[in-house]
Each structure stands twice: as C-alpha cells, then as structure tokens.
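attaching a predicted model along with its sequence, questions to come.
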Amino acid sequence: MSYYQRHVFFCTNLRGNEKKCCAQGDANAMREYAKKKLKKLGIHGKSFMRTSTSGCLGRCEEGPVMVIYPDNIWYRYENLADIDEIIEKHVVNDVIVERLRLAN
C-alpha cells in the first residue's frame, strides 16, 4: 500500500504581475479548509490522504485549481461549497464531480 492513498495538490502560486493566478482565488485558505475537513472526517494522514500546496501547476487561466493523485483528476473551484462537494463526492465516495472537472 502507498504511504498515501491520495494526494491533493492545491496550486497556491502568486504571480508578480496582473495575470490571473490561483492565489487570487484564495487558494491557501481553501487548502487549509480542505485539510481541516479531511482531518475532521478522520481521513487525513498516513495511509489515507494528504493535502499540499504547490507552486504553479500551469493552469492559471482555469484556476484556482487542484489535482488529486493518483487519480489524475483536475478540478477548478470557486468557494467552500465546491471544496465540500469534491471531498464528499470524489474523496469519500469515488464519484468525479464533472461540473468542476478540468480536462486532462
């Protein structure tokens, strides 16, 4: 078994210009929210899942974005309700949230 079943990376990159970036979408706070929610559900940590920040994932115009590995599923999100939906459907029940999914 892998150290983690899933690893979620939140792009938290802040560009130094006026171009769109994930940090403008409050990515750090969204990651922290997801981490706390996963801990509350008892599924964050060794043998379960991990949330991490990431530098630029190269999808700035679609963001803010997150990717779940090893599933290789990319999501965009706008608010806490989107994060809740991704956790409830994808992480807990293995159902991809098509309305938030980005093409690979």
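The structure has been received and is ready for your questions. Numbering: from 1, shown residues only.

name the element the spatially most central residue of the chain belongs to?
Closest to where the C-alpha atoms of the chain average out (Cα atoms, centre = their mean) is residue 66, at 3.4 Å. Element membership for residue 66, per DSSP states H and E: strand 65-69.

ok, which stretches of the chain are helices?
Here the chain has its helices, by DSSP state H, at 27-40, 80-85.

let's have the ones you listed in JSON lines, adding distance to residue 56 and mean pLDDT.
C-beta coordinates here come from the backbone N, C-alpha and C atoms, glycine included. Rendered in JSON lines, the data for the helices of the chain read as follows (distance: least, Cβ to Cβ, whole Å; pLDDT from 0 to 100):
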{"stretch": "helix 27-40", "distance to residue 56": "11", "mean pLDDT": "96"}
{"stretch": "helix 80-85", "distance to residue 56": "20", "mean pLDDT": "98"}
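
tabulate those (CSV), appending mean neighbour count and distance to residue 50.
Supplementary listing: the helices of the chain in CSV, determined by neighbours: other Cβ atoms under 10 Å; distance: least, Cβ to Cβ, whole Å:
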stretch, mean neighbour count, distance to residue 50
helix 27-40, 17, 9
helix 80-85, 16, 16
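
any chance of CSV for the ones you listed, columns distance to residue 71?
Shown next, in CSV, are the helices of the chain (distance: least, Cβ to Cβ, whole Å):
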stretch, distance to residue 71
helix 27-40, 15
helix 80-85, 16
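
nearest to residue 93, out of those helices?
Among these, the nearest to residue 93 by Cβ to Cβ is helix 80-85 (10.8 Å).

how far does the closest one sit from the chain's center?
Centroid separation between helix 80-85 and its chain, computed with Cα atoms, centre = their mean, to the nearest Å, is 10 Å.

one more: stretch 21-38?
Distance of stretch 21-38 from the chain centroid (Cα atoms, centre = their mean) equals 8 Å.
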